[in-house]
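**Q** For reference, the sequence and a predicted model appear below.
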Amino acid sequence: MCTRGMPDSFRYHIRPAKSSDIQQVTALAIEGLDLDDLFNYNFPHRKEFPDDCHLAWYRIFESWLYIPRTQFLVAEEMPGPLDENENDNDNRDFASDSSQPVATSKPAILAFAKWDFHYADKLPSPPGTIPDSWSTWLGCA
């Protein structure tokens, strides 16, 4: 779990993406890019044909899982203890041996990233490069 510099109420976990994440990643991307000019240029009729836009992005993200020398990561929300005063019972269930609510929903994906390492062995690393520096900086190493 990576929580460096983050408030206690915001917890996330960075991990490699799986095929079961593609649906959430696709929805996140389409929602996040809705006002982006290049996105609007590439998908000018996405409001009229949302299924076509969704399928195109789904296939792109799905392909990222199988590209050699590519790292596709997701940041997912870490489940925390449920607030007893919470009124939303849609994502809760009660354990059979206890009256305490337990989370039953899948953790939400908050962000995703893709790194390509196609030239990693073809070009020398710049002087002072620290291998795997992001993991060290994030405190995940």
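**A** Alright, I've got the coordinates. In this text, all values refer to a predicted model and were calculated from it rather than measured experimentally. Numbers count the residues shown, from 1 in each chain.

**Q** any idea of the mean pLDDT in stretch 20-35?
**A** The average pLDDT within stretch 20-35 is 92.

**Q** got the buried residues for it?
**A** For stretch 20-35, the neighbour count (16 or more other Cβ atoms under 10 Å) marks 21, 22, 24, 25, 26, 28, 29, 30, 33 as buried. Backbone N, C-alpha and C define where each C-beta goes, glycine included.

**Q** In which helix or strand does the third one reside?
**A** Following DSSP states H and E, one finds residue 24 within helix 22-32.

**Q** contact partners of that helix?
**A** 17, 46, 53-54, 57-58, 61-62, 65, 74, 108-112 (Cβ atoms under 8 Å, 6 or more residues apart in numbering).

**Q** related to what we said a few turns ago, could I get the buried residues of stretch 20-35 as JSON lines with distance to residue 79?
**A** Putting these into JSON lines (distance: Cβ to Cβ, whole Å) gives the following:
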{"residue": "21", "distance to residue 79": "16"}
{"residue": "22", "distance to residue 79": "21"}
{"residue": "24", "distance to residue 79": "15"}
{"residue": "25", "distance to residue 79": "19"}
{"residue": "26", "distance to residue 79": "22"}
{"residue": "28", "distance to residue 79": "18"}
{"residue": "29", "distance to residue 79": "23"}
{"residue": "30", "distance to residue 79": "25"}
{"residue": "33", "distance to residue 79": "27"}
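
**Q** re earlier: please list the members of the contacts of helix 22-32 that lie in strands.
**A** Among the contacts of helix 22-32, the members falling in strands (DSSP state E) are 74, 109, 110, 111, 112.

**Q** you'd agree residue 19 is up against residue 64?
**A** No. In terms of Cβ atoms under 8 Å, residue 19 does not count as a neighbour of residue 64; the distance is 10.7 Å.

**Q** Tell me which of the two has more neighbours.
**A** When residue 19 is set against residue 64 and neighbours are counted by other Cβ atoms under 10 Å, the residue ahead is residue 64, at 16 against 10.
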